[in-house]
Structures are given as structure tokens and as C-alpha cells.
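just to be clear, the model below is a prediction. Sequence and coordinates:
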Amino acid sequence: MKILIAYCTSSDNSEKLARAMESALNQEDVDLIEVGYKTIIDLSSYELTILGSGIYLGHVCIQIIDMVRNSTNFPPKFAFFYSRQRKEPYPNAFKPIKEIFESNGSEFLGEFNCLGEDFSPYTNEEFTDAQENFERQGFHPNKEDLKDAKVFAKSLI
């Protein structure tokens, strides 16, 4: 199966997850691409596209959004993954992208998300809370998160 894993990252969290997924799909024909500004990819040349991003103020990175908006051809299937700073997932972060894919006939297969390292600017009180949270939970994505990302990737094929 021809698979694209395209991601953008500012903290390397998405890259770690993307590389874990790529290694899980080593029996497939996988292209791993870090999306930058003005990246253009013919998504229709893939049977499955997996998009990844950190979440920034509740949204996917602009590079992924622009790449999808500038696409004219879409794959038959797609999925996405993201790392997040807060405990709860962001169920609507990929909604605009999902709508574009589905309106172009692509089937949504699922999403994966996990905590990621938090590099946001904090007030002193917020920093203390965040530091305590990471001390309790450890830094993410951790080995368990990467293992779960591999399981997710394999479930897509």
C-alpha cells in the first residue's frame, strides 16, 4: 500500500510520532514528509494519507491547513494524529481538514492523539502547574505513546 505520512512540528513531538508510525508500516511503501510553508503534494498518488500536527491554540499548524487547501486531488483514505498540551483531546482541531477530505470523497479511518511536551509561554503560576503535571506524568510522547502510535498506524491498513 502506498502511504503518505505528512506532519509539521515545532517541538519534534509530531516527528517522533510520525517516525514511530513509519517504522510500524515498514512492510508498506511509505513516504514521510515534513510539511513546510508552500508544500505541495499530490495526495491522490497515495492510497492512504496520515496527517500529523501539534495543536496550536486549538488548531492544526497552518502548514498542514495550507497544504490541504491547496490540494486538488485526494486519496481514498485518510487519518490524522496530534500531540496536545492539555489533558483532554481537541476533537475539533482537524475538523476543517476532515471536512475538505470527506467533501472530496476520502474515507476517514481514525485519529490518534497523546500528550506532548509543552513549550507555551506561561505565567509563573501556570508554569508551576505545568511543571508539576509533567513531573507526575513524565515527558511525552513517551515510549508508551510511541508504542500506541505504532498500533494505531497498523490498524489503518
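Done, it's in. Residues are numbered from 1 along each chain as shown.

quick one: low-confidence parts of the protein?
By pLDDT under 70, the weakly predicted segments of the chain are 85-87, 117-140.

tell me, what residue is most central in the chain?
What sits nearest the mean C-alpha location of the chain, by CA atoms, centre = their mean, is residue 52, with 1.9 Å.

any idea how far the closest residue to residue 74 other than its chain neighbours is from residue 75?
The spatially closest residue to residue 74, leaving aside those adjacent along the chain, is residue 104, at 4.1 Å (CB to CB, 6 or more residues apart in numbering). Any C-beta I mention is one placed from the backbone N, CA and C, and that applies to glycine too. Distance, residue 104 to residue 75, using CB to CB, to the nearest Å: 9 Å.

the two: who's more crowded?
The residue with more neighbours, out of residue 104 and residue 75, is residue 75; 23 against 16, by other CB atoms under 10 Å.

relative to residue 61, how far out is the more buried one?
Taking CB to CB as the measure, residue 75 and residue 61 are separated by 20 Å.

now do residue 31
Distance, residue 31 to residue 61, using CB to CB: 19 Å.

who has more neighbours out of those two?
Comparing residue 31 with residue 61 by other CB under 10 Å, the one with more neighbours is residue 61, at 21 against 14.

which residues touch that one?
Residues in contact with residue 61 (CB atoms under 8 Å, 6 or more residues apart in numbering) are 8-10, 35, 53-54.

nearest to residue 110 among those?
Residue 110 lies nearest to residue 53 out of those, by CB to CB, at 15.6 Å.

what about the closest one, how many residues nearby?
By the other CB under 10 Å criterion, the neighbourhood of residue 53 contains 28 residues.

what do you get for residue 77?
Number of residues near residue 77 (other CB under 10 Å) recorded here: 19.
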